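A.B. asks: Starting from these lines, generate the structure:
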Amino acid sequence: MSEFADPNIGNRELFRRTLMIAAWVFLLALIIGAMVGYRIWTMRKQNAQRESLTVRHGLITGISYQEDGSKASALIGPEVVYEGDTIFDIKVVKIHKDSVEFQKDKKTWSQRIGETPGKMWPVKEILPEEKETF
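C.D. replies: Got it, this is the predicted structure:
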């Protein structure tokens, strides 16, 4: 016969056992809630990592310049360009020691090393699986 079926158990002992059961049920519910919350948090984190990233081409990361102006070159993204070259339908007009002049659709502008590329440069969407190699 179970302890709970004992008719001689007092009210105080019955209350204590009921309270213990309620505490265990509460603790179990708390643990399950924490596990569900953690799973939701990790799923949201994974979804955020899956979102694509957009990058504007045209960032000048370096310039090689000689004082006489011969064979000056610029590093735009992974590409090395020279005066007269075209990159993303944008012509490299002149390379100075700290900036590069460009032309597209009869519009000319100058851009410095590390300066955020303007709206004339195309935008590339990088998918999540490409982020690691970018």
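A.B. asks: residue ranges with poor pLDDT in the protein?
C.D. replies: Applying pLDDT under 70 to the chain picks out residues 1-8, 48-52, 69, 127-134.
A.B. asks: Quick one: name whatever helix or strand follows the longest helix along it.
C.D. replies: Secondary structure assigned by DSSP state H gives helix 11-50 as the longest helix of the chain. Counting by DSSP states H and E, the element after helix 11-50 in chain order, helix or strand, is strand 53-56.
A.B. asks: strands paired with that next one, and their directions?
C.D. replies: Strand partners for strand 53-56, identified by DSSP bridges, are recorded as strand 123-126 (antiparallel).
A.B. asks: domain ranges for this protein?
C.D. replies: Following automatic domain parsing, one gets these domains for the chain: 3-50, 55-116.
A.B. asks: Among those, show me which one is buried the most.
C.D. replies: Highest mean neighbour count of the domains of the chain: domain 55-116, a mean of 15 (counted as mean count of other CB atoms under 10 Å). (C-beta placed from N, C-alpha, C; glycine too.)
A.B. asks: Now the terminal residues of that one, how far apart.
C.D. replies: With CA to CA, to the nearest Å as the measure, domain 55-116 spans 11 Å from end to end.
A.B. asks: And stretch 83-99, by the same measure?
C.D. replies: Terminal-residue distance, stretch 83-99 (CA to CA): 12 Å.
A.B. asks: so how far is it off the chain centroid?
C.D. replies: The chain centre lies 30 Å from the centre of stretch 83-99; the measure is CA atoms, centre = their mean, to the nearest Å.
A.B. asks: Give me the contacts around that stretch.
C.D. replies: Residues from elsewhere that reach stretch 83-99 (CB atoms under 8 Å, 6 or more residues apart in numbering): 57-58, 60, 63, 65, 72-74, 76, 79, 81-82, 100-104, 108, 110-113, 120-122.
A.B. asks: quick one on the thing from earlier: can you lay out the domains of the chain as a markdown table showing distance to Ile126?
C.D. replies: Formatted as a markdown table, those follow (distance: least, CB to CB, whole Å):
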| stretch | distance to Ile126 |
| --- | --- |
| domain 3-50 | 12 |
| domain 55-116 | 6 |
